[in-house]
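A.B. asks: no sequence for this one, just the structure:
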């Protein structure tokens, strides 16, 4: 019983970890930026090229809001010639 009480108290002292998720409106689809507590980031899909850098600017804006200066991992879920 004491062991369970100690385990419970130890769990209370561990800081909560968070995962922040940013849904980015890239026209024709969505990009998603994941930023876990560690600060490593992962971007899924990038939107379209062109359009006066519209989608790239939206991704940069989300990264700034997330407080990161680089994308650590990039996942492309499908290929289109235009993006």
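C.D. replies: Structure's in. What do you need? Bear in mind that the values here come from a model prediction, so they are computed numbers and not experimental data.
A.B. asks: which parts of this protein are helices?
C.D. replies: Taking DSSP state H as the criterion, the chain carries its helices at 2-13, 54-66.
A.B. asks: least reliable of those helices going by mean pLDDT?
C.D. replies: For these, the bottom mean pLDDT is recorded on helix 2-13, which sits at a mean of 61.
A.B. asks: so who does the residue nearest to the spatial centre of the chain touch?
C.D. replies: Centroid-nearest residue in the chain, with Cα atoms, centre = their mean: residue 34, separated by 1.4 Å. Counting by Cβ atoms under 8 Å, 6 or more residues apart in numbering, residue 34 makes contact with 19, 20, 21, 22, 41, 42, 43, 44. (Each C-beta comes from the backbone N, C-alpha and C, glycine too.)
A.B. asks: in the sheet, who's paired with it?
C.D. replies: Per DSSP bridges, the residues bridged to residue 34 are residue 21, residue 42.
A.B. asks: that one and residue 51, how far apart?
C.D. replies: 24 Å (Cβ to Cβ, to the nearest Å).
A.B. asks: same question, residue 79
C.D. replies: The value you get for residue 79 to residue 51, if Cβ to Cβ is used, is 19 Å.
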